[in-house]
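Trainee: Return a 3D structure for these sequence lines:
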Amino acid sequence: MGAEFKEATMSLAGATFAAGDFSRGVLDHVKTRTSVRLNVSTDNIAGVKLPIFVLRGEDEQDDDHSLLGMTGGGQAIQRAREAYTRFLKVLITIASLQTQFVTLDMALKITNRRVNALEFILIPKILDTIDYIDRELDEESREDFYRLKKVTDNKKKAKQATRFKMGLAQVDENAEENVMPAAFKGEESDDDDVFV
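Mentor: Modelled structure (predicted):
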């Protein structure tokens with residue numbers, strides 16, 4: 001860009017030397033609408049829309065400038081025009097690349113912010129929540145295990161108590177049978193009772 005600008009400036013100086021001050025003639029021949037247009041299109045790269053600048057109509061020759069510099073320095077003016085056209089093309093290309101660079105840089109910064117937010121805020125919160133849920137589930141399973149253990153212990157105690165009661169009742173029946181005389185039991189005794 002610097003070399004093209006230097007060449008364009010030198011050719012303008014040469015044209016001014018050859019033709020004199022022709023700026024008034026250029027301004028008089030300028031149309032309200034120029035034939036040179038800058039079109040902006042976009043290219044989608046990985047979800048990022050990058051602008052692309054394209055210069056159109058710079059190759060078209062307009063007849064209004066053909067009479068400029070007819071009295072002297074016409075070729076120098078034409079060379080200056082071509083040099084500035086080349087410089088304009090380089091300038092548009094650099095502007096397009098710089099705009100794409102800035103757009104990509106902004107997209108990278110936004111993506112880095114999102115990645116940092118995920119890495120340092122969201123993922124640790126989710127991991128903390130998962131740890132909390134694991135701890136709560138472990139505690140609940142311990143409580144359930146303790147509760148089941150208590151229920152089975154209570155059932156065993158109740159079963160032993162009923163066995164103990166059944167055992168005492170059986171022992172009591174056996175004791176009553178041993179204490180009662182055979183006559184009360186309805187059994188006949190072999191011994192003869194002597195009444196006096």
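
Trainee: Show me what the host helix or strand of E136 packs onto, helices and strands only.
Mentor: In the assignment (DSSP states H and E), E136 maps to helix 123-179. On a contact count with 3 or more CB pairs under 8 Å, 6 or more residues apart in numbering; DSSP states H and E, helix 123-179 meets no helix or strand. In short, each C-beta sits where N, CA and C put it, glycine included.

Trainee: Quick one: mean pLDDT for it?
Mentor: Averaged over helix 123-179, pLDDT sits at 86.

Trainee: which SS state does D21 fall under?
Mentor: Counting by DSSP: H, G, I helix; E, B strand; the rest coil, the backbone at D21 sits in coil.

Trainee: Spatially central residue in the chain, please.
Mentor: Closest residue to the average C-alpha location of the chain: R114 at 5.7 Å, with CA atoms, centre = their mean.

Trainee: which residues does it contact?
Mentor: By CB atoms under 8 Å, 6 or more residues apart in numbering, no residues touch R114.

Trainee: now the helix or strand hosting it, how far from the centre of its chain.
Mentor: Element membership of R114, judged by DSSP H and E, is helix 74-117. Distance of helix 74-117 from the chain centroid (CA atoms, centre = their mean, to the nearest Å) equals 30 Å.

Trainee: and what of stretch 133-143?
Mentor: 32 Å.

Trainee: Let's see that stretch as PDB, backbone CA atoms only.
Mentor: Extracted C-alpha coordinates of stretch 133-143, given in PDB (Å, rounded to 0.1, in the frame of the first residue of the first chain):
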ATOM      1  CA  ILE A 133     -26.800 -34.700  44.900                       C
ATOM      2  CA  ASP A 134     -24.300 -37.600  45.300                       C
ATOM      3  CA  ARG A 135     -23.800 -36.700  49.000                       C
ATOM      4  CA  GLU A 136     -27.600 -36.400  49.600                       C
ATOM      5  CA  LEU A 137     -28.200 -39.800  47.900                       C
ATOM      6  CA  ASP A 138     -25.400 -41.400  49.900                       C
ATOM      7  CA  GLU A 139     -26.900 -40.000  53.100                       C
ATOM      8  CA  GLU A 140     -30.400 -41.200  52.100                       C
ATOM      9  CA  SER A 141     -29.100 -44.700  51.400                       C
ATOM     10  CA  ARG A 142     -27.400 -44.800  54.800                       C
ATOM     11  CA  GLU A 143     -30.600 -43.600  56.500                       C
END
